[in-house]
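J.: Just a sequence and a predicted model for now, questions to come.
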Amino acid sequence: MIYEGRIQMSTYTIGINVFNEEKNLPRLLAVLLAETDFPIILYNDGSTDRSKDILFELFEKTDRITIIDSQENKGYAVGFMSLVKACPSEILIMMDADTYPKPGAIKELLKPFHDPRVGAVSGAHIVLEGNSRVLNLVNLRIIQAKRRLDSIRSSRGEFTHMNGLLMAFRVKTLRDNKYMGCNQDAFIGWLIHQNGYRVVFNPRAESWFKPPATLKEYLSSRDRILMGHMNLSLDWGIREYFWAYGSLSEYVYSILMAGRLNLPGILSLLFASWVDLFYRLKWWNKVRAHPRVYTSLKWEQLASTKF
């Protein structure tokens, strides 16, 4: 069911997927309402905590909020496309409810759209560190390497793998998208690029996020992400961002340059490599044996990375 706010038309709309985010929602929405004057559409994906109550409490206080309320958990991809279809604006700014944009990040995110050839813009991550030294090293190395590689590829006009935590795109580039699988951030950048638009990485559009803080969370995250990569590669022929355009060597170089090559750095790199290899082989086997089956996996069928 859709609860529409009494909003004015705008070139930009903010879209947010919400699933059990009672701790993060008040802070995020306070920042967005204070820093922007854009309408905000929130998709409640069958939350079982107080997220829905928080949304409707705010709905009563401001006319800038529209809520799409799902009584059951249908998965991230369904929520994503529901926000795309409901967006009344030319450009949709998408973010997760557990992200926290740096002051001025949204303004930076929108700057490249002055060029009509730009179909989408991706922001950058800032890692919030946890208690595990090894995981802090792994997370920081991966994010710094990706930022370096994304900057290189964006400057060459080859960037497509968008940041699902903070991004913006022209709605017309995705209105007819029937794909409802996982790993939307990788797919939509590829699709927009295929439709003849540029996909741009802006490292100044930064947002904080909390990466996996425990071994269980890290393994769950890599399991889900690599399932999506294998699905896109084997079922759809979409190569992962570091395989595309022959940039694997650049990716390896970026990883090596992203952290100190002391003993902790080397151990963290070996740990991340073995984990990725394990899950890559697991999903390559499954997806290859059962084509197109994993495109319909729901969010809850693999452990969520929300924490």
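T.: Here it is on my side, so go on. Every value quoted in this text rests on a predicted model; they were computed, and no experiment measured them.
J.: So which bits of stretch 76-94 are buried?
T.: By neighbour count on 16 or more other Cβ atoms under 10 Å, the buried set for stretch 76-94 is 76-84, 86-87, 89, 91-94. (Glycine included, C-beta is placed from N, CA and C.)
J.: what's the answer for stretch 129-143, then?
T.: Of all the residues in stretch 129-143, those buried under the rule 16+ other Cβ under 10 Å are 130, 132, 135, 136, 137, 138, 139, 140, 141, 142, 143.
J.: Quick check: the second one touching residue 213?
T.: In other words, residue 132. Yes: counting by Cβ atoms under 8 Å, residue 132 touches residue 213, with 6.5 Å between them.
J.: For the buried residues of stretch 129-143, point out the one with the lowest pLDDT.
T.: Within these, pLDDT reaches its minimum at residue 130, with 75.
J.: Surely that residue is in a helix?
T.: No: secondary structure of residue 130 (DSSP: H, G, I helix; E, B strand; the rest coil): coil, not part of a helix.
J.: ok, the closest residue to it other than its chain neighbours to residue 136 distance?
T.: Distances taken as Cβ to Cβ, 6 or more residues apart in numbering place residue 213 nearest to residue 130, at 3.4 Å, with adjacent residues excluded. Computed as Cβ to Cβ, to the nearest Å, the residue 213 to residue 136 distance reads 9 Å.
J.: Could you say which helix or strand holds the closest residue to residue 47 other than its chain neighbours?
T.: Sequence neighbours aside, residue 20 is the residue nearest to residue 47 in space, at 5.0 Å (criterion: Cβ to Cβ, 6+ apart). Residue 20 belongs to no helix or strand when assigned by DSSP states H and E.
J.: So what's the residue count around residue 20?
T.: By the measure other Cβ atoms under 10 Å, the count of residues near residue 20 is 22.
J.: OK, contacts around it?
T.: Contacts for residue 20 were tallied using Cβ atoms under 8 Å, 6 or more residues apart in numbering; they are 47, 48, 49, 51, 306.
J.: Go through the lengthiest strand in the chain and flag the buried ones.
T.: Counting residues, the longest strand found in the chain (DSSP state E) is strand 198-209. For strand 198-209, the neighbour count (16+ other Cβ under 10 Å) marks 198, 199, 200, 201, 202, 205, 206, 207, 208, 209 as buried.
J.: beta partners of the first one?
T.: The reference is to residue 198. Residue 198 has the following beta-bridge partners by DSSP bridges: residue 118.
J.: do the same with the last one
T.: Assessed by DSSP bridges, residue 209 has beta-bridge partners residue 127.
J.: which intervals of this protein have sub-threshold pLDDT?
T.: 3-8, 175-184, 236, 239-261, 265, 292-307 (pLDDT under 70).
J.: Can you give me the domain assignment for it?
T.: 1-98, 101-307 (automatic domain parsing).
J.: Now the terminal residues of the shortest one, how far apart.
T.: Taking Cα to Cα, to the nearest Å, domain 1-98 runs 23 Å from one end to the other.
J.: Just checking the distance from the helix or strand containing residue 106 to the centre of its chain.
T.: Residue 106 is part of helix 105-110, with elements assigned from DSSP H and E. Distance of helix 105-110 from the chain centroid (Cα atoms, centre = their mean, to the nearest Å) equals 16 Å.
J.: Secondary structure of residue 124: a helix, I assume?
T.: No: going by three-state DSSP, the assignment for residue 124 is strand, not a helix.
J.: That one: neighbour count?
T.: Look at residue 124: counted by other Cβ under 10 Å, it has 23 neighbours.
J.: List the contacts of it.
T.: Residues near residue 124 by Cβ under 8 Å, 6+ apart: 147, 150, 163, 201, 202, 203, 204, 205, 206, 207.
J.: Go again with 10 Å.
T.: Residues near residue 124 by Cβ atoms under 10 Å, 6 or more residues apart in numbering: 102, 105, 108-109, 143, 146-147, 150-151, 163, 165-166, 201-207.
J.: about what we covered before: phi, psi of the residue nearest to residue 47?
T.: Main-chain dihedrals, residue 20, degrees, to the nearest 10: phi 50, psi 60.
J.: Same question for residue 61.
T.: The phi/psi pair for residue 61 (degrees, to the nearest 10) reads phi -100, psi -20.
J.: what does residue 70 give?
T.: The phi/psi pair for residue 70 (degrees, to the nearest 10) is phi -100, psi 130.
J.: was I right about it contacting residue 76?
T.: No: in this structure residue 70 lies outside contact range of residue 76 using Cβ atoms under 10 Å: 11.8 Å.
J.: what about the strands in the stretch 1-150 of the chain?
T.: Applying DSSP state E, counting those that start in this stretch to the stretch 1-150 of the chain gives strands spanning 2-3, 12-18, 40-45, 65-70, 91-96, 100-101, 118-127.
J.: Quickly note the distance from residue 133 to residue 272.
T.: 14 Å.
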